[in-house]
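1. need coordinates for the below:
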Amino acid sequence: SRQPNVTLKDSMDKVDTLLNSTDLLEKTATGNFRRTGIIHPDSEFKFAWDVFGIAGIVYQAFLIPLVIFFQADMSDGWAITALNALIDTYFITDICISFRSAYVSKSVVVM
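-> Here you go, the predicted model:
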């Protein structure tokens, strides 16, 4: 059987496409890749992280007024306490994630 004609440029383009989705690697001047620990803004992890954050904000937007205005006692249920602790931990961790995330400026990803 005949092998398809694959050039080095095609292979590098495929690698670049893969890196744009996870991008914890960086291409060096020699063409090699190294781990940077920087999170690409278009990665699946960053998308899932942001969606969870939006869900936490919506939850807090309903819960806080409920507790303040109706003096609802939410300390009895272990599930509510655990959920509040999880969301608080998320927002503290989000600060660290934000420091390790790239951003887009003038259509260029800044890492």
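2. all strands of this protein, in order?
-> 25-27, 33-35, 103-105, 108-110 (DSSP state E).
3. tell me the mean pLDDT over the third one?
-> Put plainly, it is strand 103-105. When pLDDT is averaged over strand 103-105, the result is 82.
4. output the contacting helices and strands for that strand.
-> Contacts defined by 3 or more C-beta pairs under 8 Å, 6 or more residues apart in numbering; DSSP states H and E place strand 103-105 against strand 108-110. For every residue, glycine as well, the C-beta is placed using N, CA and C.
5. could you give the mean pLDDT of the strand it packs on?
-> Computed over strand 108-110, the average pLDDT equals 75.
6. and that strand, what's buried?
-> Judged by neighbour count (16 or more other C-beta atoms under 10 Å), strand 108-110 contains no buried residues.
7. next one: stretch 48-66
-> 49, 56, 63.
8. can you put those residues in JSON lines and add pLDDT and distance to residue 37?
-> Shown next, in JSON lines, are the buried residues of stretch 48-66 (pLDDT from 0 to 100; distance: C-beta to C-beta, whole Å):
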{"residue": "49", "pLDDT": "94", "distance to residue 37": "15"}
{"residue": "56", "pLDDT": "94", "distance to residue 37": "24"}
{"residue": "63", "pLDDT": "86", "distance to residue 37": "34"}
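9. mind listing which of the residues you listed are in helices?
-> 49, 56, 63 (DSSP state H).
10. closest to residue 43 among the residues you listed?
-> residue 49 (9.1 Å; C-beta to C-beta).
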